[in-house]
Each structure stands twice: as structure tokens, then as C-alpha cells.
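>>> here's my sequence, what's the structure:
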Amino acid sequence: MDALQEYWGIEAFDFEGNKKVLVDNLNRLKAMTVEEQTFYKKWVEVQDYRDVANKLNTIHFGPTFLNY
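Purely as a prediction, here's the structure:
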């Protein structure tokens, strides 16, 4: 694994750290009502769409893009 990290610059997967984050997230969702869970999941989805839209706004497509 060290050769891959050295060559590609990839960090090792932190299984215990990611497991803790997952369990914490599931415990937070478990403590919510169904309505709160639905609202939270939709809020996260909207945030993801907004991030994508902001990235797309940095690409300017216009008439000058079509000119050869």
C-alpha cells in the first residue's frame, strides 16, 4: 500500500474513522421522526444540487462558445 500512496498520492482508507462517522449519522437519523428524516434528506439533496449548479455556473456557454 505504501507504493500506491507514494506513486498516486492516495491516503490509506481510515476504516474506523469512517465507521464512526457512519454510526453517528445513523444514530442521528434514528433519533429523528419520519418527517424530520424526510426533511433532512431533502435538505441535503437540495444542497448537493446547489453545489452542482454553482459549479456549472462557472462554465460560460454562450454564443462565443459556438464560434469556431
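>>> what distance do you get for the residue most central in space within the chain to Lys42?
By Cα atoms, centre = their mean, the chain has its centre lying nearest to Asp48, at 7.0 Å. The gap separating Asp48 from Lys42 is 11 Å, by Cβ to Cβ, to the nearest Å. The way it works is simple: take the backbone N, C-alpha and C, and place the C-beta from them, glycine included.
>>> for Lys20, same thing?
26 Å.
>>> ditto for Asp14
Asp14 sits 29 Å away from Lys42, going by Cβ to Cβ.
>>> cool, and Asn25?
Counting by Cβ to Cβ - Asn25 and Lys42 are separated by 16 Å.
>>> what's the neighbour count on Met32?
Neighbourhood size, Met32 [other Cβ atoms under 10 Å]: 13.
>>> likewise Gly9?
Count around Gly9 with other Cβ under 10 Å applied: 7.
>>> got phi/psi on it?
Backbone torsions for Gly9, taken as degrees, to the nearest 10, come to phi 70, psi 30.
>>> residue contacts, it?
By Cβ atoms under 8 Å, 6 or more residues apart in numbering, the contact list for Gly9 is empty.
>>> could we number from 440 for the rest of this?
Okay, using 440 as the starting number, the last item reads as Gly448.
>>> and it, what pLDDT?
Listed pLDDT for Gly448 reads 78.
>>> tell me where this protein has helices.
441-447, 454-469, 473-496, 502-505 (DSSP state H).
>>> now what about the third one, what contacts it?
This means helix 473-496. Looking at what lies outside helix 473-496 - Cβ under 8 Å, 6+ apart - the contacts are Leu468, Met471.
>>> how far off helix 454-469 does it point, in degrees?
Angle, helix 473-496 to helix 454-469, by axes from the mean of the first three to the mean of the last three Cα atoms, to 10 degrees: 120 degrees.
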